[in-house]
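Enquirer: Predicted model and sequence follow; I will ask about them next.
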Amino acid sequence: MEIIIRKTAEECAEFAAKIVENYLRINQRPVLGLATGSTPLRLYKILIQKNKEQAISFKKCVTFNLDEYVGLTSDHAQAYRHYMDTELFQHTDIQIENTHVPDGMAEDLRQECQRYETAIRNSGGIGLQILGIGSNAHIGFNEPMCSLSSRTWVKILSRETIRANARFFNSPEEVPKHCITMGIGTIMEAKHCIVLATGESKADAVVNMIEGPISANCPASILQMHPRTTIIVDEDAAKRLQNKSHYTWVEQNKLDWQQY
Ligand code: F6R
């Protein structure tokens, strides 16, 4: 794990944007894994701007989103397909047929999960996966006590996540209880993972993910076993880390070819 600590959420987004920019530049057929939620919004704004300035292009890019609610049509204001269209895709040169979000309205949800896994595999696999983290340390919608080797599947949201996401709905009762999410095993196959975490509400999840034991109680902790994960946190989210000065030391002493 590589830990990058920046003062503000904006600086975190800029750092993440640099990684995405380099990834898009270097790869002929980039395959990006994408997240929704509040955290990546700043990053998406920067990417839209870079695309407008023609510093990057999404034309050859294929994307796979982590998750989708079950039972929301794609035009529902809280559907993740709608979020992606309005927060990123519509403002870039991406070809919409190259963007993938699980279909939470599929008649056969199990078949949809298998279709999604196959589509990821057929694309050549995810090269760069962007992740947020829940305050209970979920990644995707893989909640505490989930299998640490699961594949894309229908999961039940924890009551904590329903409460956290109720801010986007009129009431907690409106938050769907089910979702389709890439499994932890699926996420772990991405070649490079970036986790963005900002704000004090993520401080416990961040310290458990980085410095705690690997445990299903903290799904994000499995990333300690991932060959290449970059965790980008602001000072509020980094608050409880014990080894902050070591992470800064490592970042300052990277060799040229280890930079982005
Ligand atoms: C969303 C997702 C979730 C969020 C997490 C944090 O696609 O996979 O794991 O990343 O719930 O959400 P925010 O950023 O809203 O705090």
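Expert: Thanks, I have the structure now.

Enquirer: going forward, measure contacts between C-alpha atoms and count neighbours the same way
Expert: Will do.

Enquirer: So what's the residue count around the closest residue to Glu235 other than its chain neighbours?
Expert: Nearest non-adjacent residue to Glu235, counting by CA to CA, 6 or more residues apart in numbering: Lys7, 5.2 Å away. When neighbours are counted by other CA atoms under 10 Å, Lys7 registers 14.

Enquirer: Which positions in the lowest-mean-pLDDT helix or strand in the chain come out as buried?
Expert: Here the helix or strand of the chain ranked lowest by mean pLDDT, DSSP states H and E is helix 159-165, holding a mean of 93. Across helix 159-165, burial judged by 16 or more other CA atoms under 10 Å covers Thr161, Ile162, Asn165.

Enquirer: Ok, stretch 165-184 next?
Expert: Neighbour-count burial for stretch 165-184 flags 165-166, 172, 175-184 (criterion: 16+ other CA under 10 Å).

Enquirer: Just confirm yes or no for it near the ligand.
Expert: No - judged by CA under 6 Å from any ligand atom, stretch 165-184 stays clear of the ligand, getting no closer than 7.4 Å.

Enquirer: who touches that stretch?
Expert: For stretch 165-184, the surrounding residues in contact (CA atoms under 8 Å, 6 or more residues apart in numbering) are 66-71, 78, 102-104, 113, 139-142, 147-158, 162-163, 219.

Enquirer: can we see that at 6 Å?
Expert: When contacts are defined by CA atoms under 6 Å, 6 or more residues apart in numbering, stretch 165-184 is touched by residues 66-70, 141, 148-157.

Enquirer: Make a PyMOL selection of the buried ones in those.
Expert: For the buried members of the contacts of stretch 165-184, the matching PyMOL selection, counting by 16+ other CA under 10 Å, is:
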select buried, resi 66+67+68+69+70+141+148+150+151+152+153+154+155+156+157
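
Enquirer: among the contacts of stretch 165-184, which are within reach of the ligand?
Expert: When contact is defined as CA under 6 Å from any ligand atom, these meet the ligand at Leu66, Asp67, Phe141.

Enquirer: need the helices for the stretch 1-150 of the chain, in chain order.
Expert: 9-26, 41-52, 80-87, 109-122 (DSSP state H, counting those that start in this stretch).

Enquirer: quick one on the thing from earlier: which two in the buried residues of stretch 165-184 are spaced the farthest apart?
Expert: Maximum pairwise distance in those, criterion CA to CA, is 26.1 Å, between Pro172 and Ile184.

Enquirer: which residues touch Gly33?
Expert: Applying CA under 6 Å, 6+ apart to Gly33 gives the contacts Thr63, Phe64, Asn65, Gln129, Ile130.

Enquirer: one more time with 7 Å, if that's ok
Expert: Counting by CA atoms under 7 Å, 6 or more residues apart in numbering, Gly33 touches Thr63, Phe64, Asn65, Leu66, Ile126, Leu128, Gln129, Ile130.

Enquirer: quick one: which of the residues you listed is nearest the ligand?
Expert: Nearest to the ligand among those: Leu66, at 5.4 Å, using CA to the nearest ligand atom.

Enquirer: didn't Ala220 look like it was pressed against Met209?
Expert: Yes - between Ala220 and Met209 there is a contact under CA atoms under 7 Å: 5.3 Å.

Enquirer: Ignoring the adjacent residues along the chain, who's closest to Thr39?
Expert: Nearest non-adjacent residue to Thr39, counting by CA to CA, 6+ apart: Gly132, 6.5 Å away.

Enquirer: who touches stretch 82-94?
Expert: Residues outside stretch 82-94 that contact it (CA under 7 Å, 6+ apart): Tyr44, Ile48, Asn51, Ser57, Phe58, Lys59, Cys61, Ser74, Asp75, His76.
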